[in-house]
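Student: have a look at this fold, sequence not included:
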């Protein structure tokens with residue numbers, strides 16, 4: 001159950017912000033009304049004056065209304081600031097109300113609480129009382145997500161077990177063999193990666209949808225009929241092409257450049273003569289990472305009595321998709337290393 005003190009504090013803040021919101025909206029309405037009333041009175045005096053006998057009070061009234069600059073000097077400069085405050089207060093009041101509704105249910109509404117928390121946190125509100133409350137809201141959101149994650153994880157674990165696949169990890173991050181599944185219970189979506197190579201960034205957060213995407217990607221990556229001899233020959237050709245283009249004699253060549261050349265080598269003659277997206281044969285980074293480990297480490301294949309090796313990246317190249325690959329070398333997406341160069345020895 002959520003902390004009762006947290007709900008009471010939220011109610012107090014909601015009431016305070018609601019009163020401030022009403023005061024600002026009333027002031028905006030009063031200023032508009034005052035401007036309209038003064039303008040109307042001045043216009044009526046001008047219409048009345050020609051049809052009445054000249055008098056001192058009437059002349060004084062005309063001069064006074066003509067001299068009034070309430071709209072220019074007070075209302076117009078103030079209204080934009082009041083409107084901005086009214087908009088901000090409305091957003092804050094709505095977020096506080098949503099947070100209360102989310103916390104008062106039989107189970108915490110993760111989606112509503114998540115959106116309310118994001119709204120309050122992103123606005124960088126200066127109110128110290130509200131800022132002090134955000135860590136407690138974040139804790140409630142984390143607990144609610146963990147509870148929802150346990151329910152989702154249990155259902156997914158049973159569905160995968162029926163296919164002989166083990167689910168590891170803790171919500172919101174799960175491991176399906178070499179695949180990394182990160183759930184977002186607020187947006188009701190998940191991301192699926194092979195190692196650190198993102199495959200799908202918006203998988204609907206349901207057991208059926210996650211299972212379908214995982215099975216599709218597992219088949220595309222690990223169940224291809226790839227010839228190791230042909231693959232290592234193409235990698236060698238790609239390696240030589242990069243060396244020739246760069247005019248280097250060093251046997252260390254950037255792995256990403258080799259991958260790009262390898263993608264071109266895998267295309268048909270039709271594509272090479274007349275490139276078209278319809279004739280393009282896709283070869284993803286994840287597939288390359290899988291094949292690289294398969295044919296250089298797990299079941300190494302040689303070409304011209306040479307074997308390919310990967311060089312572990314320096315710190316500056318790690319996590320840089322333009323300079324390195326994360327090569328999974330175990331049964332977990334986090335078991336591996338960043339490789340930046342390829343060499344044949």
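Tutor: Received the coordinates, thanks. Quantities reported herein were computed from a predicted structural model and do not represent experimental measurements. Numbering: from 1, shown residues only.

Student: and the helices in the stretch 151-300 of the chain?
Tutor: Using DSSP state H, counting those that start in this stretch, the helices of the stretch 151-300 of the chain run over 207-222, 228-246, 255-265, 269-273, 285-293.

Student: compute the inter-axis angle for the third one and helix 228-246.
Tutor: Angle of helix 255-265 versus helix 228-246, following axes from the mean of the first three to the mean of the last three CA atoms, to 10 degrees, is 110 degrees.

Student: what angle sits between helix 255-265 and helix 285-293?
Tutor: Going by the same axes, to 10 degrees, helix 255-265 makes 100 degrees with helix 285-293.

Student: what about residue 194, distance to residue 301?
Tutor: For residue 194, the distance to residue 301 (CB to CB, to the nearest Å) stands at 21 Å. To be clear about C-beta, it is placed using only N, CA and C from the backbone, and glycine gets the same treatment.

Student: next: residue 82.
Tutor: Using CB to CB, residue 82 is found at 73 Å from residue 301.

Student: comparing the helices of the stretch 151-300 of the chain, which comes out most buried?
Tutor: Stretch with highest mean neighbour count among those: helix 285-293 (a mean of 22; mean count of other CB atoms under 10 Å).

Student: hmm, who's touching that helix?
Tutor: Helix 285-293 is contacted from outside by 194-195, 197, 199, 217, 220-222, 224, 226, 231, 235, 255, 259, 262, 310, 321, 325-329, 336, 339, using CB atoms under 8 Å, 6 or more residues apart in numbering.

Student: still on that earlier bit, where among the helices of the stretch 151-300 of the chain is average confidence lowest?
Tutor: For the helices of the stretch 151-300 of the chain, mean pLDDT drops lowest on helix 269-273, to a mean of 78.

Student: tell me the contacts of residue 259?
Tutor: Residues in contact with residue 259 (CB under 8 Å, 6+ apart) are 238, 285, 288, 325.

Student: cool, residue 90 as well?
Tutor: Residue 90 makes contacts with residue 21, as judged by CB under 8 Å, 6+ apart.

Student: distance of it from residue 344?
Tutor: Note on residue 90: its distance to residue 344, by CB to CB, is 65 Å.

Student: report the distance from stretch 153-165 to the chain centre.
Tutor: When distances are taken as CA atoms, centre = their mean, to the nearest Å, stretch 153-165 is centred 27 Å away from the chain's centroid.

Student: cool, stretch 177-186 as well?
Tutor: The answer for stretch 177-186 is 14 Å, by CA atoms, centre = their mean.

Student: and if you look at stretch 181-190?
Tutor: Distance of stretch 181-190 from the chain centroid (CA atoms, centre = their mean) equals 10 Å.

Student: what sits up against that stretch?
Tutor: Contact with stretch 181-190 is made by 110-111, 114-115, 118, 141, 144-145, 148-149, 152, 169, 171-175, 191-193, 202-205, 210, 214, as judged by CB under 8 Å, 6+ apart.

Student: now do stretch 272-280: distance from first to last residue.
Tutor: 9 Å (CA to CA, to the nearest Å).

Student: please name the bridge partners of residue 173.
Tutor: Per DSSP bridges, the residues bridged to residue 173 are residue 170, residue 182.

Student: my guess is it contacts residue 192, does it?
Tutor: No. Using CB atoms under 8 Å, residue 173 makes no contact with residue 192, being 11.6 Å away.

Student: identify the contacts common to these two.
Tutor: By CB under 8 Å, 6+ apart, residue 173 and residue 192 have these common neighbours: 180, 181.

Student: low-scoring pLDDT stretches of the chain, where are they?
Tutor: Across the chain, the ranges flagged by pLDDT under 70 are 1-2, 49-56, 58, 62-68.

Student: returning to what we had before: would you mind checking the contacts of stretch 181-190 for buried ones?
Tutor: Neighbour counting by 16 or more other CB atoms under 10 Å classes 110, 114-115, 141, 144-145, 148-149, 152, 169, 171-175, 191-193, 203, 205, 210, 214 among the contacts of stretch 181-190 as buried.

Student: remind me, longest helix of this structure?
Tutor: helix 4-48 (DSSP state H).

Student: can you tell me the SS state at residue 340?
Tutor: Three-state assignment for residue 340 (DSSP: H, G, I helix; E, B strand; the rest coil): strand.
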